[in-house]
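Enquirer: Below: sequence and its predicted model.
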Amino acid sequence: MNTPKKNPSPYGSTKFANIDQYHATFPKPIQEILQKLRLTIQQAAPKAVETISYNMPCFKQNRNLVYYAAHKEHIGFYPTSKPLVVFKNELVSFKTSKGAIQFPLNKPLPTALIKKIVKFRVEEDNCTKTVITKKAPLQPKDGFFAFLNAPATRALENAGIKTVKQLSKYSEKAILELHGMGNSSIPVLKDALVNAGLNFKD
């Protein structure tokens, strides 16, 4: 299958206003896969709102549910980390990392599995809503925070880093020196920076 002639995420810096604009940047075969994924998510989360978060297509209810992005050889699907544990037996044939699943472009999308994961995220989101109070404010777990483990998240929060723009003010070395931050989190942070058209400080 053809790969994108101009892939804005993570290989470019185009800023997107909506999902249609994101899809339109890719060749027709890639657009068809992205649209199929989009419709699958809509069916599993009919109340979710479409948006762009960290320059990626995103579906949101009370909080962000899932993200996705087109890459050279796969579609990256980002449902946060817990679904990868819950559905690990059904994901053995896919390459995964913390909070991310890769769907190869040369294979059919596993729509049934995607629906199960999205419905799981909807239930998680509904449960989250019931426990949010003024005494327990929502913590920043959306965006790239959703793909990090707890120690790495705390490390960034303790340093006052809550956005990609704030992250870009630090060098990779400085981030690794934060207590609780490990090497495995750096690829996630780099992806978030590139998706926003930013980089670590030199």
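Expert: Perfect, thanks for sending it. Source: prediction; values computed, not measured.
Enquirer: Regarding this protein, what is its longest helix?
Expert: What stands out as the longest helix in the chain, according to DSSP state H, is helix 111-131.
Enquirer: Can you give me the buried ones in that one?
Expert: 113-114, 116-118, 120-122, 124-125 (16 or more other C-beta atoms under 10 Å). C-betas here are computed from N, CA, C, even on glycine.
Enquirer: packing partners for that helix?
Expert: Applying 3 or more C-beta pairs under 8 Å, 6 or more residues apart in numbering; DSSP states H and E, we find helix 111-131 packed against helix 28-44, strand 64-70, helix 82-86.
Enquirer: again, only this time at 10 Å
Expert: helix 28-44, strand 56-60, strand 64-70, strand 74-78, helix 82-86, strand 100-104 (3 or more C-beta pairs under 10 Å, 6 or more residues apart in numbering; DSSP states H and E).
Enquirer: Pipe the buried residues of helix 111-131 into CSV and attach distance to Tyr78 and pLDDT per row.
Expert: Formatted as CSV, those follow (distance: C-beta to C-beta, whole Å; pLDDT from 0 to 100):
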residue, distance to Tyr78, pLDDT
Leu113, 15, 97
Ile114, 12, 97
Lys116, 16, 96
Ile117, 11, 96
Val118, 12, 96
Phe120, 14, 93
Arg121, 11, 93
Val122, 15, 92
Glu124, 14, 86
Asp125, 15, 85
